[in-house]
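Q: Sequence plus predicted model, see below.
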Amino acid sequence: MLKLLLFIFFVIPLFFDFWLVQSMLFIFCFLKFFFNYDFDFVNFGYKMSVDLISYGFIILSFWIGSLMIMASFNISINNNYIYEFTFMVVSLMLFLFFSFWVKNFFYFIFFFEFSLLPTLILIFGWGYQPERLYSGYYLLFYTLIASLPLLISIFYYYNYNGSCMFMVNNYSSNSFFFYLGMIGAFLVKLPMFMFHFWLPKAHVEAPISGSMILAGVLLKLGGYGLLRVMTLVPLNFFIYNFFWICICLYGGFLISFVCLVQSDLKSLVAYSSVCHMSLVLMGIMTLFYWGSCGSYILMLGHGLCSSGLFCLSNIVYERTMSRSFFVSKGMMSFIPSMSLMWFMFCSSNMASPPSINLLGELMVMNSLLSWSSFSIIFLMIISFLSACYSLYLFSYSQHGSYYSGFYSFSSGYVREYLLLILHWLPLNLFILKINFFIVY
């Protein structure tokens with residue numbers, strides 16, 4: 001991990017070279033894939049440590065970060081503040097790396113909040129519409145308002161425990177407000193149903209790089225935080241988790257119907273993220289081993305799948321200048337070479353084999369059925385509707401007659417195919433390396 005930290009610091013002065021940064025990130029990610037994963041907690045000094053959960057998210061952060069640069073080729077062509085953009089991407093990866101690397105709650109909250117700043121600059125600086133200001137304000141205030149109780153709870157915990165370390169817990173509290181303050185910011189970040197209103201707005205107005213890192217990694221900070229916090233107040237988790245699981249079951253059911261009435265490509269993918277994150281939250285809240293492992297797998301799989309779907313939406317947007325289904329339909333006739341990619345990512349989004357989303361959903365559903373057999377009704381409906389809106393996304397975007405204002409047809413670029421394949425391969429080939437997820 002120290003090698004990784006030094007690598008990031010040495011990459012920062014190279015932000016003037018767009019493709020050099022991306023190439024170095026790819027090389028380093030490939031090297032780290034061959035690392036020995038058989039460890040529980042490896043300490044790096046008093047404040048830093050890494051285990052399998054944080055290691056997986058660190059690799060995901062760098063993988064998505066390098067693909068962000070590849071997806072933002074138009075910024076390079078148009079010379080749209082390219083150096084500032086590369087600097088923002090590398091800075092964001094640095095903050096995410098520290099968020100997953102620290103073992104101190106206070107430092108984790110510091111980097112957790114600081115990662116919001118480069119994301120906001122990406123939305124404000126490289127977003128598409130004037131409404132991006134309102135989207136950024138939604139993201140900022142939802143996150144900050146929920147983070148204030150978390151900060152107060154951390155100080156309260158430090159006052160009684162004498163330490164903010166993840167693994168040093170001499171404090172046992174039954175306070176509902178302490179419990180609510182500790183998990184509130186993470187529920188907003190996931191986001192949970194009823195706290196999700198900032199997510200579709202942020203995704204629709206963000207550039208492709210902002211949507212990729214937001215769906216791929218930033219949402220996962222909420223799940224990662226819950227996995228760390230659940231050991232502090234286990235009694236409260238036992239008492240109140242019933243409430244959150246019921247909200248997630250109802251929310252996933254309702255948001256699935258919302259997906260089926262969307263007419264915007266990015267908005268549909270954003271709402272499907274809320275539906276998938278409700279499954280992640282339910283898996284964590286069951287407090288079962290399988291539920292936690294399944295949520296971890298589902299977070300990694302969703303990070304790759306939703307990022308790939310946003311890339312596909314951006315590919316269509318760059319050619320049609322519209323995200324509407326009514327304008328962007330019939331893409332099988334207009335961009336025939338991209339239809340296979342649409343099918344592969346839509347099938348992975350509905351958790352079909354060999355995607356790791358299938359493994360994650362099966363493990364989460366198994367733990368939920370062990371928790372309560374009555375949840376099977378909602379789980380069946382959510383799974384069925386997940387397939388429905390994934391097929392709806394594929395059929396409405398690919399079939400039908402395309403808009404008469406388009407001339408001839410368009411083809412995909414090699415860069416775009418490479419970008420999508422680098423999303424799809426780890427999403428489907430990691431099913432061969434299941435022990436990477438289960439050992440933790």
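A: Nice, thanks for sending it over. Numbering: from 1, shown residues only.

Q: For Lys103, give me the pLDDT.
A: Reported pLDDT at Lys103 in the predicted model: 85.

Q: What's the biggest helix in this structure, counting residues?
A: helix 289-320 (DSSP state H).

Q: And that one, what's buried?
A: Judged by neighbour count using 16 or more other Cβ atoms under 10 Å, the buried positions of helix 289-320 are 290-317, 319-320. No exception for glycine: its C-beta is placed from N, CA and C like everyone else's.

Q: With stretch 20-33 instead?
A: Neighbour-count burial for stretch 20-33, with 16+ other Cβ under 10 Å as criterion, is recorded at Val21, Gln22, Met24, Leu25, Phe26, Phe28, Cys29, Lys32.

Q: Just checking the distance from it to the centre of its chain.
A: Once both centres are worked out by Cα atoms, centre = their mean, to the nearest Å, stretch 20-33 turns out to sit 20 Å from its chain's centre.

Q: Let me see the mean pLDDT of the helix or strand following the longest helix of the chain.
A: Per DSSP states H and E, the first helix or strand lying C-terminal to helix 289-320 is helix 331-334. Average pLDDT, helix 331-334: 87.

Q: Give the rounded mean pLDDT of the next helix or strand after helix 331-334.
A: Moving toward the C-terminus from helix 331-334, the next helix or strand (DSSP H and E) is helix 339-349. pLDDT averaged over helix 339-349 equals 95, rounded to a whole number.

Q: Does anything pack onto helix 339-349? Which helices or strands?
A: Counting contacts by 3 or more Cβ pairs under 8 Å, 6 or more residues apart in numbering; DSSP states H and E, helix 339-349 packs against helix 289-320, helix 331-334, helix 376-398, helix 414-429.

Q: Ok, which of the ones you listed comes nearest Gly222?
A: Relative to Gly222, the nearest member of those by Cβ to Cβ is helix 289-320, separated by 9.3 Å.

Q: Tell me how far that closest one lies from the chain's centre.
A: For helix 289-320, the distance between its averaged C-alpha position and the chain's averaged C-alpha position is 7 Å (Cα atoms, centre = their mean).

Q: what does stretch 233-251 give?
A: Using Cα atoms, centre = their mean, the offset of stretch 233-251 from its chain centre is 22 Å.

Q: Okay, buried residues for it please.
A: Going by neighbour count (16+ other Cβ under 10 Å), the buried part of stretch 233-251 is Val233, Asn236, Phe237, Tyr240, Asn241, Trp244, Ile245, Ile247, Cys248, Leu249, Gly251.

Q: So for those residues, which is the shakiest by pLDDT?
A: Least confident entry in these, by pLDDT: Val233, with 80.

Q: In this structure that residue contacts Met182, no?
A: Yes - taking Cβ atoms under 8 Å as the contact criterion, Val233 and Met182 are neighbours in contact, 6.6 Å apart.

Q: returning to what we had before: which helices and strands sit right next to the longest helix of the chain?
A: For helix 289-320, where contacts count as 3+ Cβ pairs under 8 Å, 6+ apart, the packed elements are helix 52-71, helix 208-213, helix 220-229, helix 265-285, helix 339-349, helix 356-371, helix 414-429, helix 435-438.

Q: what is the rounded mean pLDDT of it?
A: Across helix 289-320, the average pLDDT comes to 94.

Q: Compute the inter-axis angle for it and helix 220-229.
A: For helix 289-320 against helix 220-229, the angle by axes from the mean of the first three to the mean of the last three Cα atoms, to 10 degrees is 170 degrees.

Q: pLDDT of stretch 113-125, averaged?
A: Rounded mean pLDDT across stretch 113-125 is 93.

Q: tell me which residues of it are tucked away?
A: Glu113, Phe114, Ser115, Leu116, Pro118, Thr119, Leu120, Ile121, Leu122, Ile123, Phe124.

Q: Output these as TSV; include the columns secondary structure and distance to Val204.
A: What follows is these, written out as TSV (DSSP: H, G, I helix; E, B strand; the rest coil; distance: Cβ to Cβ, whole Å):
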residue	secondary structure	distance to Val204
Glu113	helix	24
Phe114	helix	25
Ser115	coil	21
Leu116	helix	18
Pro118	helix	19
Thr119	helix	15
Leu120	helix	15
Ile121	helix	18
Leu122	helix	14
Ile123	helix	10
Phe124	helix	15
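
Q: Nothing else from me, thank you.
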